[in-house]
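[1] sharing a model prediction with you, sequence too.
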Amino acid sequence: MASVNIRELVLETLLLINRDGEYSHIALGQVLGKYQYLDKKDRAFLTRTVEGTLERRIEIDRIINQFSSVKINKMKPVIREIIRSGVYQLKYMDSVPASAVCNEAVKLAAKKGFINLKGFVNGLLRNISRNLDHIEYPSKEEEPVQWLSAIYSMPEWIVRKWRKEYGEEKTEQILKAFLTERPTSIRCSCSKITPKELKSRLEEEGVTVKEYGEIPGAFLISGYDYLDALETFREGCFQVQDISSMMVGEWADPKEGDYIIDVCAAPGGKSVHLADKMKGTGTVEARDLTEYKVNLIRDNIERLGLSNVVAVQQDALELNETSLEKADIVIADLPCSGLGVLAKKSDLKYKMTEQMQKELAKLQRDILSVVRRYVKPGGRLIYSTCTIDREENEENAAWFADKFPEFHLVKQQQMLPEQEAGDGFYIAEFERKKADLE
Ligand SMILES: C[S@@+](CC[C@H](N)C(=O)[O-])C[C@H]1O[C@@H](n2cnc3c(N)ncnc32)[C@H](O)[C@@H]1O
């Protein structure tokens, strides 16, 4: 088999994300999928370098601009990504010698046809490597927003918003949590295997497993190569799901035989959790907008071998007359800005804008206005997002309770990203009164 240059794959992935606008988890998944034969060490290097270069991009670009005669936004995309990933390795990967970083970057630039820029790449990276102790940052006291933005690589508009909503100290904790490496959280597919059996089978497969006490059947796993290489995953013994996101299933806590409509369900994490909780009884109707998305749900249903979930294509903005007042529980885990899951999808912070966030908050209201009509009198609506933005969360919940008095807000919780596990996530539970006011 032809040998692959791992730094070339890093470059290919970063170009897909930063130049072509692909989502980081999709780009990385595509490249890792295409080169499944890479050994564990190379896969880990690829993942860490791509994710690290992305999550530290604001800081890295500042460093490059401090030392380079050509500013970052004037560089050719290939050279820009070679230098960015080089700076990440120099600053954050102690295991890679500086000389190797510089030499490999120069070779890669030449291989990509930029022979005339070999000297530039070499000179810049060596200069940065010699001056890592002389990087200039904004002053913490005089420019706190700029300082937080540079140190934690978060766009200034987001830092400003969170400082206002959460205060200085909490904002810094949130920013720090996003940059902390965490294990993968999984949920045992309890209709297939007991948590105890799952734990021992994973350990037999060489995986490090830690129980996450607060949720039954939840574990934190690490030390594996990739999921498809695990027999327990292929057999559908567990589902990868964030700890915070599992709380939707815990709050919904369905009874056996319930009819649940999950209006924005792909790839199906919450739908399969609820189906698992109903032990083969009842029905979860898992809907999403496009056939592509619906197929992602089907893949999960098939892998987990569940018989009480059906995946259906349906636009949540269009009223489905046949569903009126039918559901015991409606799950509305709606499209959102995703600013709670930056630990896993760090590129979202560069893609999101204030304007897009406002449009999403409006879309959430529009969807809620339609799908509330599927809830039976006495039934429940669970609204959730994976963001920590008040406008999409508490403000939308208050608007909903005010606009539709047949519902009352039972409880709501904003979960902030945690160091060990758990994304930033929001859940609100509404109950529809038995006798409507309408
Ligand atoms: C936050 S994700 C859902 C995650 C899912 N609940 C899970 O746990 O795996 C939001 C989903 O909403 C879907 N979506 C966006 N607009 C929609 C619409 N108008 N109708 C139905 N689904 C929509 C997206 O395709 C996306 O899959």
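    Perfect, thanks for sending it.

[2] drop to CA atoms for contacts and neighbour counts, all remaining ones
    Noted.

[3] now what about stretch 104-120, what contacts it?
    If you take CA atoms under 8 Å, 6 or more residues apart in numbering as the criterion, stretch 104-120 is touched by Arg7, Glu8, Val78, Ile79, Ile82, Ile83, Gly86, Val121, Asn122.

[4] at 6 Å what do you get?
    Contacts with stretch 104-120, where a contact means CA atoms under 6 Å, 6 or more residues apart in numbering, come from Asn122.

[5] and that stretch, C-alpha only, in CSV?
    The C-alpha trace of stretch 104-120 is given here as CSV (Å, rounded to 0.1, in the frame of the first residue of the first chain):
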residue,chain,number,x,y,z
GLU,A,104,8.1,18.8,7.1
ALA,A,105,6.3,22.0,6.4
VAL,A,106,8.9,23.1,3.9
LYS,A,107,8.8,19.7,2.1
LEU,A,108,5.0,19.9,2.0
ALA,A,109,5.0,23.4,0.5
ALA,A,110,7.3,22.2,-2.2
LYS,A,111,5.3,19.1,-2.9
LYS,A,112,2.2,21.3,-3.3
GLY,A,113,4.0,23.4,-6.0
PHE,A,114,5.2,26.3,-3.9
ILE,A,115,8.9,25.8,-4.3
ASN,A,116,9.5,29.5,-4.4
LEU,A,117,7.9,29.8,-0.9
LYS,A,118,10.1,27.2,0.8
GLY,A,119,12.3,29.9,2.2
PHE,A,120,9.4,31.9,3.5
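
[6] quick check: mean pLDDT of that stretch?
    In this model, stretch 104-120 has a mean pLDDT of 96.

[7] residues of the stretch 201-350 of the chain that sit close to the ligand?
    Residues of the stretch 201-350 of the chain lying close to the ligand (CA under 6 Å from any ligand atom) are 263-270, 288-289, 314-317, 333-335.

[8] out of the residues you listed, which end up buried?
    Buried by 16 or more other CA atoms under 10 Å: 263-270, 288-289, 314, 316-317, 333-335, out of these.

[9] of those, which pair is most distant in space?
    Using CA to CA, these span at most 21.2 Å, a distance reached by Gly269 and Leu317.

[10] what bits of the chain have low per-residue confidence?
    1-3, 419-420, 436-438 (pLDDT under 70).

[11] which residue ranges of it form strands?
    Taking DSSP state E, the strands of the chain run over residues 184-188, 208-211, 218-222, 238-240, 259-262, 283-288, 309-313, 327-333, 375-385, 407-415, 425-432.

[12] now these in TSV, with distance to Leu38?
    Listed next are those as TSV, based on distance: least, CA to CA, whole Å:
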stretch	distance to Leu38
strand 184-188	21
strand 208-211	22
strand 218-222	19
strand 238-240	23
strand 259-262	38
strand 283-288	34
strand 309-313	34
strand 327-333	36
strand 375-385	36
strand 407-415	37
strand 425-432	34
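
[13] state the distance from Ser68 to Ala286.
    52 Å (CA to CA, to the nearest Å).

[14] same drill for those two, tell me which one is more crowded.
    Ala286 (27 against 17; other CA atoms under 10 Å).

[15] skipping adjacent residues, who's closest to Cys188 in space?
    Excluding the flanking residues, the one nearest Cys188 by CA to CA, 6 or more residues apart in numbering is Phe238, at 4.5 Å.

[16] check Thr281 too.
    Nearest residue to Thr281, sequence neighbours excluded (CA to CA, 6+ apart): Gly257, at 5.0 Å.

[17] relative to the ligand, how far out is the one you found?
    According to CA to the nearest ligand atom, to the nearest Å, Gly257 and the ligand sit 21 Å apart.

[18] in this structure that residue contacts Gly282, no?
    Yes. Contact status for Gly257 versus Gly282: in contact at 3.6 Å, counting by CA atoms under 6 Å.

[19] more neighbours, these two?
    It is Gly282, of Gly257 and Gly282, that has more neighbours when counted by other CA under 10 Å, with 19 against 16.

[20] check contacts around that one.
    Residues counted as contacts of Gly282 (CA under 6 Å, 6+ apart) are Gly257, Asp258, Tyr259.

[21] measure the closest residue in space to the second one that isn't next to it in sequence to Val309 for me?
    Meaning Asp258. Nearest-residue entry for Asp258: Gly282, 4.9 Å, with adjacent residues in sequence omitted and distances by CA to CA, 6+ apart. Counting by CA to CA, the separation of Gly282 from Val309 is 9 Å.

[22] burial of Tyr88, as a residue count?
    Close neighbours of Tyr88, defined as other CA under 10 Å, add up to 22.

[23] how much distance is there from stretch 171-183 to the middle of the chain?
    In this view, stretch 171-183 has its centroid 13 Å away from the chain centroid, taken as CA atoms, centre = their mean, to the nearest Å.

[24] same question for stretch 202-214.
    22 Å.

[25] can you list the buried residues in that stretch?
    Leu202, Val207, Thr208, Val209, Glu211, Tyr212.

[26] repeat that for stretch 339-358.
    By neighbour count on 16+ other CA under 10 Å, the buried set for stretch 339-358 is Leu339, Gly340, Val341, Leu342, Ala343, Lys344, Lys345, Ser346, Asp347, Leu348, Lys349, Gln357.

[27] now the fifth one: how far from Lys40?
    The span separating Ala343 from Lys40 equals 22 Å under the rule CA to CA.

[28] do the third one as well
    According to CA to CA, Val341 and Lys40 sit 25 Å apart.

[29] and the second one, by the same measure?
    Between Gly340 and Lys40 the computed distance is 29 Å (CA to CA).

[30] excluding chain neighbours, what is closest to the closest residue to the ligand within the stretch 101-250 of the chain?
    Nearest residue of the stretch 101-250 of the chain to the ligand, counting by CA to the nearest ligand atom: Ser245, 7.0 Å away. In space, and not counting its chain neighbours, Ser245 is closest to Phe425: 7.0 Å by CA to CA, 6+ apart.

[31] beta partners of that neighbour?
    Taking DSSP bridges, one obtains Met415 as the residues bridged to Phe425.

[32] let me see the contact set for it.
    Contacts of Phe425 (CA under 6 Å, 6+ apart): Gly340, Thr385, Cys386, Thr387, Met415.

[33] mind redoing it with 8 Å?
    Neighbours of Phe425 in contact, by CA under 8 Å, 6+ apart: 244-245, 340-341, 384-388, 414-417.

[34] how near is it to Ile186?
    17 Å.

[35] any chance you could map the helices in the stretch 151-300 of the chain?
    156-178, 195-204, 231-234, 243-252, 269-277, 291-304 (DSSP state H, counting those that start in this stretch).

[36] point out the most buried one among these.
    helix 269-277 (a mean of 24; mean count of other CA atoms under 10 Å).

[37] CA atoms of it as PDB?
    Extracted as PDB, the C-alpha positions of helix 269-277 are listed here (Å, rounded to 0.1, in the frame of the first residue of the first chain):
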ATOM      1  CA  GLY A 269     -29.600  10.100  19.400                       C
ATOM      2  CA  LYS A 270     -32.600  11.100  21.500                       C
ATOM      3  CA  SER A 271     -35.100   9.100  19.500                       C
ATOM      4  CA  VAL A 272     -33.200   5.800  20.100                       C
ATOM      5  CA  HIS A 273     -32.600   6.700  23.700                       C
ATOM      6  CA  LEU A 274     -36.400   7.100  24.200                       C
ATOM      7  CA  ALA A 275     -37.200   3.900  22.300                       C
ATOM      8  CA  ASP A 276     -34.700   2.000  24.400                       C
ATOM      9  CA  LYS A 277     -36.300   3.400  27.600                       C
END
